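In: this one's structure only:
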């Protein structure tokens, strides 16, 4: 078992289970702080990003990965103990039906939905049809005040070669990046790592993080859900995906070349990612300050239709290997294409 | 200029040619970190001089190769908004090395099923046929290769020109025209012409945002095409070809810049229209205005028919008038001109 | 310290002023006259936002440059937007009718039959509709699109209309400000009520250094606030808003929130912002300590300048305090004047708390 693999295996379940809905990422920040001990200087910023700095003489490289996850905010609770919620993040409401919501202090509630007459089993469910069962009757209103922010409780599992979890989208990248940092202890880059908050709310952490760091070059590590027709020719288990185009983003040729070189050096097979409707923090970082050459490497993943999604363990490890190789390699100067 | 490739994110070939053209009259030409081409005219006022930024985007809408299917048929992903109805049976250039030609394949009428001709084909169902074998296509065309419409410019009556990428290479031509005028007619301000990247695709007008951030201008103007008169469209939604530039008014435009541009047009005796932009001008000016600590902006449009097709049609005299109005406007600025006002 | 009083009369003047997004001049002029003598510096920025600075102590002539954050607590950005939703004249037709487009979010169903004030001189115009007699019954089931509406200023030729109106002119609702009991009726309470709270606050030297921003173009994409915030370089931001009350017949207590007269409405989250948790906590706590009732704005809806401000530069911790108004983005809204009074007090005392405990 490679050291990358053992690192990912040890880290991922804990990262998946950590509390961290978009904008309230306290738990996952704690978990990451522990995992990053001794790897660089840690700090937090106003948006909630966790930042790691490892000084170097080379160009300023930003390595960014999201750390937030889907969540709910209580909008009201009736005397019956049933609440209403609004969703944090871009999840389809139907995926969350049946999930347990966990609040920061450990209180729990369940998500159901109004299955009115003529309902088509929730396929086109709107968020305001979801309800929060507090199990508390009249007391519910006091125990779950308006504005309480909850996360989707994750029970991460390893299924054969797959990792499976509700928070995989925000956390698989974190595991890969931490594993890579542990393996590539030194690099010639002036390395800034941002574990980005509020990514699923429109790349907010990436926007402020990239502005604060003003990097010369950026690599975004994220998860890309595969969607049949939208992403033809890409499969889970066939290696990290290099981003060519996604919603709001086209790859920067030089930054992309760096990823290609690292993949070749690590003897990794990669896939090309082109998708129309979804995007990552790459689009925000690309436009920060005077423009940042930015490339994207994504771990391919499959949606389940329910809260959890699945990623191949090898894809996560190889993404870590790719990042580690890039950090260890000769730095390329960011600049005009 | 309309023949140059340069889909969003892949502007390098266009940038090279534009830089060369800029260098004839500009004091200094550079390519910035975002990929924008900048041509500078140094002002005559003592340093430090204020800076005026004029932006026209050099990217053009197009496609990337998304997948190669059995038989060598190519599927595309769009960069910028096409109406898929306008693409059928059009020729394209696939910018591989060497570039190859293909076309949007269609069925002959003989093979159409009943009613099929009444249905629109969505762009994801369109495909390119290069007439080459699958093996050759796979060998020659990497995934991610840019693709553009292939249409040589067409001279129409009255000097009008139909070609792809008039949006916004016509604007880049305005920048060139301004350089030519300002090279001899020195303004007091430093003036920087920016051919911007990635206006047609992305969360931001990437080139305009990043150029404004690094240049820090005291004034910014976007030059882009506006809708020319076409049948079936209400008066006031379009501007006749040959009627001069449209000077925009609205929240995205600073009133002083709007007034200043109108004044220059009147002084020069050139025709113009006023175009209302209630919410957005949908140009580079959207990102110029809110970059840094805010920039007073202007927007000027060149009437253009059939936007986002391969036969975008403009009247060259409008391009020329636009350049003259803007050159006059920037040359008329006092070094002390500022939109900001200190009251106390 | 006692919080400054809310200036009710100013709200009336601001409400009646025209200030459609991009055309905020009249509102700005009233505010300049109102605050000029009370603040240390006053500027109009490149986008048109009005920016004032006021410190706990009057500035001395030679301030050392490095005196940022002495013992005065954090620099606090307070922001309210001057603009309102309305219409823009888009084209003038041959027969003198004006074609208009919406500026900001307006339900087009409310426009028919309304009176507007057009341009800087406030020329009256009406948005006409065919009398029911002339409309076939099935047509009456359809919403009239703004593309089919015209603003009628009484002109019968284009030349006549152009003597009074130009393309690009704004039109605002023609609404008189009125009061009965604690109720106030007027247009543009979103966000003239916030503008008034902010003007009321800066009439007294605040406990912390304050950068007051009356922003432009909030209703068309939060455009003024970001640039102003980037320039202000503040440590904390509080946005003052007029927000939508949920009250309607048959609405449950949960659905009605926030209610008019229910006190300052605090935001946890909206489409543009996750409010800073510490700051929200401080606002809520300050309300409890000062016995100012607060309520929660419904999460998940709306968006404010705080969205832009919080992402400006490397990020600024931000929160929103609102007055719940009925019928915003319509010709006439209601509010309970005790709400902006309480918002003024809550924000003032929160500035005191910030001075004590914000690091």
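Out: Thanks, I have the structure now. Note that the coordinates shown come from a computational prediction; the quantities given were computed from them, not determined experimentally.
In: Kindly provide the distance from the most far-flung residue of chain C relative to its centre to chain B.
Out: Centroid-distance maximum for chain C: residue C:136 at 40.7 Å, with Cα atoms, centre = their mean. Distance of residue C:136 to chain B, given as Cβ to the nearest Cβ, to the nearest Å: 23 Å. In this view, the C-beta of every residue, glycine as well, is placed from N, C-alpha and C.
In: burial count for the closest residue to residue C:261 other than its chain neighbours?
Out: Spatial nearest neighbour of residue C:261, chain neighbours left out: residue C:336 (3.8 Å); criterion: Cβ to Cβ, 6 or more residues apart in numbering or on different chains. By other Cβ atoms under 10 Å in any protein chain shown, the residues close to residue C:336 number 22.
In: swap in the one 5 residues further on?
Out: Residue C:341 is surrounded by 21 other residues when neighbours are defined as other Cβ under 10 Å.
In: Surely it forms part of a strand?
Out: No: assessed with DSSP: H, G, I helix; E, B strand; the rest coil, residue C:341 is helix; it does not lie in a strand.
In: Just the helices from chain C, written as ranges.
Out: Per DSSP state H, chain C carries helices over the ranges C:8-16, C:25-35, C:137-140, C:158-162, C:189-201, C:223-232, C:253-256, C:277-289, C:305-310, C:338-357.
In: Repeat that for the stretch 101-250 of chain A.
Out: Secondary structure of the stretch 101-250 of chain A (DSSP state H, counting those that start in this stretch): helices at A:140-143, A:168-183, A:204-213.
In: Rebuild these as JSON lines, extending it with mean pLDDT.
Out: Shown next, in JSON lines, are the helices of the stretch 101-250 of chain A (pLDDT from 0 to 100):
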{"stretch": "helix A:140-143", "mean pLDDT": "87"}
{"stretch": "helix A:168-183", "mean pLDDT": "97"}
{"stretch": "helix A:204-213", "mean pLDDT": "97"}
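In: Could you check how far the residue farthest from the centre of chain C is from residue C:143?
Out: Note on residue C:136: its distance to residue C:143, by Cβ to Cβ, to the nearest Å, is 15 Å.
In: before we move on, what about residue A:164?
Out: Taking Cβ to Cβ as the measure, residue A:164 and residue C:143 are separated by 47 Å.
In: Check the contact between residue A:296 and residue A:247; I expect there is one.
Out: No: look at residue A:296 against residue A:247 with Cβ atoms under 8 Å: they stay out of range, at 11.8 Å.
In: Show me the shaky parts of the chain.
Out: Using chain A. For chain A, applying pLDDT under 70 flags the ranges A:1, A:117-123, A:332-337.
In: other chain: chain C
Out: Regions of chain C meeting the criterion pLDDT under 70 cover residues C:60-71.
In: Can you show me the strands along the stretch 151-300 of chain B?
Out: Using DSSP state E, counting those that start in this stretch, the strands of the stretch 151-300 of chain B run over B:154-155, B:161-163, B:190-196, B:219-227, B:246-250, B:273-277, B:297-304.
In: In JSON lines: these, plus mean pLDDT and mean neighbour count.
Out: Formatted as JSON lines, the strands of the stretch 151-300 of chain B follow (pLDDT from 0 to 100; neighbours: other Cβ atoms under 10 Å in any protein chain shown):
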{"stretch": "strand B:154-155", "mean pLDDT": "95", "mean neighbour count": "11"}
{"stretch": "strand B:161-163", "mean pLDDT": "95", "mean neighbour count": "20"}
{"stretch": "strand B:190-196", "mean pLDDT": "98", "mean neighbour count": "29"}
{"stretch": "strand B:219-227", "mean pLDDT": "97", "mean neighbour count": "26"}
{"stretch": "strand B:246-250", "mean pLDDT": "97", "mean neighbour count": "27"}
{"stretch": "strand B:273-277", "mean pLDDT": "96", "mean neighbour count": "22"}
{"stretch": "strand B:297-304", "mean pLDDT": "98", "mean neighbour count": "29"}
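In: okay if I get those strands as a markdown table plus distance to residue B:43?
Out: Listed next are the strands of the stretch 151-300 of chain B as a markdown table, based on distance: least, Cβ to Cβ, whole Å:
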| stretch | distance to residue B:43 |
| --- | --- |
| strand B:154-155 | 38 |
| strand B:161-163 | 33 |
| strand B:190-196 | 5 |
| strand B:219-227 | 12 |
| strand B:246-250 | 23 |
| strand B:273-277 | 29 |
| strand B:297-304 | 18 |
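In: Quick one, which of the ones you listed gets closest to residue C:129.
Out: Closest to residue C:129 of these, according to Cβ to Cβ: strand B:273-277, at 22.7 Å.
In: Is chain C within reach of that closest one?
Out: Yes: Strand B:273-277 lies within reach of chain C by Cβ under 8 Å from any Cβ of the partner chain, at B:274-276.
In: which parts of the stretch 51-200 of chain B sit against chain A?
Out: So the stretch 51-200 of chain B meets chain A at B:64, B:66-67, B:75, B:77, B:79, B:124, B:143-144, B:198 (Cβ under 8 Å from any Cβ).
In: Tell me the spacing between residue C:318 and chain B.
Out: For residue C:318 relative to chain B (Cβ to the nearest Cβ), the value is 17 Å.
In: got the contact list for that residue?
Out: Counting by Cβ atoms under 8 Å, 6 or more residues apart in numbering or on different chains, residue C:318 touches C:236-239, C:273, C:275-276, C:279, C:306, C:309-310.
In: and these as CSV, adding distance to chain B?
Out: Putting these into CSV (distance: Cβ to the nearest Cβ, whole Å) gives the following:
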residue, distance to chain B
C:236, 19
C:237, 16
C:238, 20
C:239, 17
C:273, 17
C:275, 22
C:276, 22
C:279, 24
C:306, 16
C:309, 12
C:310, 15
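In: Intersect those residues with the contacts of chain A.
Out: C:276, C:310.
In: which of the contacts of residue C:318 count as buried?
Out: C:236-239, C:273, C:275-276, C:279, C:306, C:309-310 (16 or more other Cβ atoms under 10 Å in any protein chain shown).
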